[in-house]
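>>> kindly generate the corresponding structure for this input.
(one chain, ligands or ions: 1)
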Amino acid sequence: MDILTQLLTPNSSLTNTLHTLFHLPDTGGPLLFLAPMAGFTNAPMRRLSSAHGAALTYTEMTNDVGLLHDSDKTWHVLETFEDEGPVVAHLYGSEPATLAEAAAKVEATGRFAAIDLNAGCPVHKITANGAGAALVKDPQRIRDILAAMRRAVRLPLTIKTRLGPHPDKVMIFEILAASEAAGADALALHGRFTSQGHGGAVQLDLLAEVKSRARIPIIGNGGVCAAHDAWRMFRETGVDAVMIARAAIGNPWIFEEILAGLASGEEPPAHDRTRGDTRRALSEIRETLEAHMAAELALLRRIRERYALPRHVIDADEALATTFRCHLFRYLHGLKGSSHVRGRLHELHTLADIRAAVASCLEREAAYRSAAPWLQEREQGI
Ligand SMILES: Cc1cc2nc3c(=O)[nH]c(=O)nc-3n(C[C@H](O)[C@H](O)[C@H](O)COP(=O)(O)O)c2cc1C
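Modelled structure (predicted):
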């Protein structure tokens, strides 16, 4: 273990175990992962995140029964690019037998570094069927599911979960024990309760307690938006890796920025959203947006070739414009013309519309910057 990792992980570190498990290259730095996000973490977002420093990425959540029924609508979610780095297939379901069988099918594709069980999604459509966050209340079921999956696959097996259903019912210690007993290799913990959804305080004290009791690596998640947040999570909890979700949308640079912020081993400055005196080069934003859109098009082309999906799902230009709007708005966040683009998002129906909106936003920002020469532009992104 290198000095920085030791500094950042006061409890006994299992970072090396994660490297071995997922075959991650040893860069000597702390591990940052891209969290699973339905509707976002497809191959293009994963590839960009990986290129900018995410050591491991997760697919969108994928239904076990859909995989077993060979539903094209489900399988296309698991499409990967050959050059996107190690990816974890993130599955949801509630039955041990179907999840085990689905995991075996996923393993047989040879595309994934690990298989993960979703035990934390609070969306009603998912919990109503006993999946996602419904499992947080039922550690025995988690144990049965993971044990069945363990018997079915050789790949590393992980679980992503929460602290418990609500603050009066902490279940994570039972979930940890169940996961370890069933043979899970690592546990990713979103440090919030199901009742909190994706908002409210992240309980670093509980995360620290889980880490101190765990025999398997713990991946910490929740509220990490900048180097200082990651530093606190590593420092105060001793987790073996930090997982980032929302802050990576439209911001693949976050991984390298955090890694740079942690490189000295000293406490990075607290994040100040109002500062904004050092700005990313506009050319870099434009190029990354273009690379992201090109990757989305390549993925759609591949899906069109391989799967029999309804026309409206795979009509490239329209589909791209629709799915890309949420990314677009986040890429442009904080730039001068961005609120104008945000107000017109529903009018962007084609790639050409998106390009025109981007150009106009970047022009406004360029004009603003040239009128305010004290604003520095970052040359190389960080
Ligand atoms: C749009 C969106 C989709 C998400 N989808 C999933 C999912 O499919 N599976 C899952 O385990 N968590 C999902 N999450 C939760 C995130 O992985 C993460 O646990 C949560 O956002 C907290 O991390 P953050 O504070 O870095 O955003 C989703 C979150 C968002 C915002």
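>>> helices along the stretch 201-350 of the chain, start to end?
Listed in chain order, the helices of the stretch 201-350 of the chain (DSSP state H, counting those that start in this stretch) span 204-213, 227-237, 254-262, 282-306, 311-314, 316-331, 338-343.
>>> can you tell me the element Leu117 falls in?
Taking DSSP states H and E as the definition, one finds Leu117 inside strand 114-119.
>>> what does that strand rub up against?
21-22, 36, 58, 61, 88-92, 99, 103, 106-107, 126, 131-133, 135-136, 142, 145-146, 149, 153, 155-162, 175, 185-186, 188 (C-beta atoms under 8 Å, 6 or more residues apart in numbering). Backbone N, C-alpha and C define where each C-beta goes, glycine included.
>>> right, and the helix or strand after that strand?
On the C-terminal side of strand 114-119, the closest following helix or strand by DSSP H and E is helix 124-127.
>>> report the buried residues of that next one.
The neighbour-count criterion (16 or more other C-beta atoms under 10 Å) identifies 126-127 as the buried residues of helix 124-127.
>>> does that helix come close to the ligand?
No: counting by C-beta under 6 Å from any ligand atom, the ligand has no neighbours in helix 124-127; the shortest distance is 8.6 Å.
>>> where's that helix relative to the chain centroid, distance-wise?
20 Å (C-alpha atoms, centre = their mean, to the nearest Å).
>>> do stretch 94-113 as well
For stretch 94-113, the separation from the chain centroid amounts to 20 Å (computed by C-alpha atoms, centre = their mean).
>>> could I get the buried residue list for it?
Of the residues in stretch 94-113, those scored as buried under the neighbour-count criterion (16+ other C-beta under 10 Å) are 94-96, 98-107, 111-113.
>>> now stretch 195-206
Residues of stretch 195-206 classed as buried by neighbour count (16+ other C-beta under 10 Å): 196, 202-204, 206.
>>> start and end of it, how far apart?
The straight-line separation of the ends of stretch 195-206 (C-alpha to C-alpha, to the nearest Å) is 16 Å.
>>> quick check, Ile303 in contact with Val77.
No: Ile303 is beyond contact range of Val77, at 9.6 Å (criterion: C-beta atoms under 8 Å).
>>> related to what we said a few turns ago, export the buried residues of stretch 195-206 as a markdown table, with columns for pLDDT and distance to the ligand.
As requested, the buried residues of stretch 195-206 are exported to a markdown table (pLDDT from 0 to 100; distance: C-beta to the nearest ligand atom, whole Å):
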| residue | pLDDT | distance to the ligand |
| --- | --- | --- |
| Gln196 | 95 | 10 |
| Val202 | 97 | 7 |
| Gln203 | 98 | 13 |
| Leu204 | 98 | 13 |
| Leu206 | 98 | 15 |
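>>> helices of the stretch 1-150 of the chain, start to end?
Using DSSP H, counting those that start in this stretch, the helices of the stretch 1-150 of the chain run over 3-8, 15-22, 43-51, 64-68, 72-75, 96-108, 124-127, 139-152.
>>> which strands and helices sit next to the fourth one?
The one in question is helix 64-68. Contacting helix 64-68 under the criterion 3 or more C-beta pairs under 8 Å, 6 or more residues apart in numbering; DSSP states H and E are the following elements: helix 72-75, strand 87-92, helix 96-108.
>>> nearest to Phe255 among these would be which one?
With C-beta to C-beta as the criterion, Phe255 lies closest to strand 87-92 of the helices and strands packed on helix 64-68, at 14.9 Å.
>>> what helices or strands is the closest one leaning on?
Strand 87-92 sits against strand 56-58, strand 62-63, helix 64-68, helix 96-108, strand 114-119, with contacts defined as 3+ C-beta pairs under 8 Å, 6+ apart.
>>> what about the residue nearest to Thr350 when sequence neighbours are not counted, neighbour count?
Among residues not flanking Thr350 along the chain, Asp317 sits closest, at 4.9 Å (C-beta to C-beta, 6 or more residues apart in numbering). Number of residues near Asp317 (other C-beta atoms under 10 Å) recorded here: 15.
>>> cool, and His23?
The burial metric for His23, expressed as a neighbour count using other C-beta under 10 Å, is 11.
>>> wait, what's in contact with it?
His23 is in contact with 86, 113, counting by C-beta under 8 Å, 6+ apart.
>>> and the gap between it and Ala55?
Going from His23 to Ala55 by C-beta to C-beta, to the nearest Å gives 11 Å.
>>> shared neighbours of those two, anything?
With contacts defined as C-beta under 8 Å, 6+ apart, the residues shared by His23 and Ala55 are Pro86.
>>> export only the CA atoms of stretch 82-98, formatted as PDB.
Presented in PDB, the C-alpha positions along stretch 82-98 are these (Å, rounded to 0.1, in the frame of the first residue of the first chain):
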ATOM      1  CA  GLU A  82     -14.400  -2.700 -26.200                       C
ATOM      2  CA  ASP A  83     -12.300   0.200 -25.000                       C
ATOM      3  CA  GLU A  84     -14.300   1.400 -22.000                       C
ATOM      4  CA  GLY A  85     -12.300  -0.100 -19.100                       C
ATOM      5  CA  PRO A  86     -13.600  -2.500 -16.400                       C
ATOM      6  CA  VAL A  87     -17.400  -2.500 -16.100                       C
ATOM      7  CA  VAL A  88     -19.700  -4.000 -13.500                       C
ATOM      8  CA  ALA A  89     -23.100  -5.400 -14.600                       C
ATOM      9  CA  HIS A  90     -25.700  -4.100 -12.200                       C
ATOM     10  CA  LEU A  91     -28.700  -6.400 -11.900                       C
ATOM     11  CA  TYR A  92     -32.000  -6.000 -10.000                       C
ATOM     12  CA  GLY A  93     -34.600  -8.600  -9.100                       C
ATOM     13  CA  SER A  94     -36.000 -10.300  -6.000                       C
ATOM     14  CA  GLU A  95     -35.800 -14.000  -6.600                       C
ATOM     15  CA  PRO A  96     -32.600 -16.000  -5.900                       C
ATOM     16  CA  ALA A  97     -33.100 -18.500  -8.700                       C
ATOM     17  CA  THR A  98     -33.800 -15.900 -11.500                       C
END
